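Trainee: Sequence and computational prediction follow.
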Amino acid sequence: MAVRILIKRRFKEKHFKEIVKMIREHRYGAMGQDGYLSSETMWDIKDPYRVVVASTWETLKQWNVWKNSEERVAVNKQINEYLDGETEFEEYQLGMYPH
C-alpha cells in the first residue's frame with residue numbers, strides 16, 4: 001500500500017536561492033528511484049523559511065531505501081548546513097484503513 005512521507009524543515013534566513021536549488025536536487029534524485037510516485041513542496045505562508053515536502057511512495061521499504069541512500073545522504077548534508085533546527089519525518093499509510 002502506498003505511503004506519504006512528510007519532510008518538515010525550517011531554514012535559516014537568507015540563502016533562499018541555495019535552499020530552492022537543493023530541494024530541487026533532492027526531488028530530481030527521488031524521481032529516479034524505484035517506488036517513487038510523486039511529491040510536492042509547500043512553503044509556509046506565515047514563515048517563508050519553513051517548508052514541507054510531501055512525497056508519495058509505493059511502499060515504506062522503497063522510501064527507506066532512498067532515505068538511506070548515499071546520494072540522498074550527500075545532498076542532505078548540504079541541506080543541513082542551512083537548517084534552523086532538525087528535519088522532521090512523518091510517515092503515513094494511504095487509504096481508508098490502516099491495515
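Mentor: Received the coordinates, thanks.

Trainee: which residues of the chain score low on pLDDT?
Mentor: 98-99 (pLDDT under 70).

Trainee: The same query, at a cut-off of 90, please.
Mentor: The chain contains residues with pLDDT under 90 at 1, 13-29, 48, 71, 74-76, 78, 95-99.

Trainee: can you tell me which residues contact the residue lying closest to residue 43 once chain neighbours are set aside?
Mentor: Using C-beta to C-beta, 6 or more residues apart in numbering and skipping residues adjacent in sequence, the residue nearest residue 43 is residue 51, 5.4 Å away. (Each C-beta comes from the backbone N, C-alpha and C, glycine too.) With contact set as C-beta atoms under 8 Å, 6 or more residues apart in numbering, residue 51 has these partners: 8, 9, 10, 11, 19, 23, 41, 42, 43, 44.

Trainee: Remind me what the helix ranked longest in the chain packs against, helices and strands.
Mentor: Among the segments of the chain that qualify as a helix by DSSP state H, the longest is helix 16-31. Helices and strands touching helix 16-31, by 3 or more C-beta pairs under 8 Å, 6 or more residues apart in numbering; DSSP states H and E, are strand 36-43, strand 50-57, helix 70-80.

Trainee: helix or strand right after the last one?
Mentor: Following the chain from helix 70-80 toward its C-terminal end, the next helix or strand by DSSP states H and E is strand 88-93.

Trainee: Hmm, residue 9 and residue 87 touching each other?
Mentor: Yes. The pair residue 87 / residue 9 is scored as a contact, 5.2 Å apart, by C-beta atoms under 8 Å.

Trainee: okay, the two: which has more neighbours?
Mentor: Between residue 87 and residue 9, residue 9 has the larger neighbour count (other C-beta atoms under 10 Å), namely 20 against 13.

Trainee: The more buried one: what secondary structure?
Mentor: strand (DSSP: H, G, I helix; E, B strand; the rest coil).

Trainee: who's in contact with it?
Mentor: Residue 9 touches 50, 51, 52, 53, 79, 83, 85, 87, 88, counting by C-beta under 8 Å, 6+ apart.

Trainee: What sits closest to the fourth one if chain neighbours are left out?
Mentor: Among residues not flanking residue 53 along the chain, residue 7 sits closest, at 4.4 Å (C-beta to C-beta, 6+ apart).
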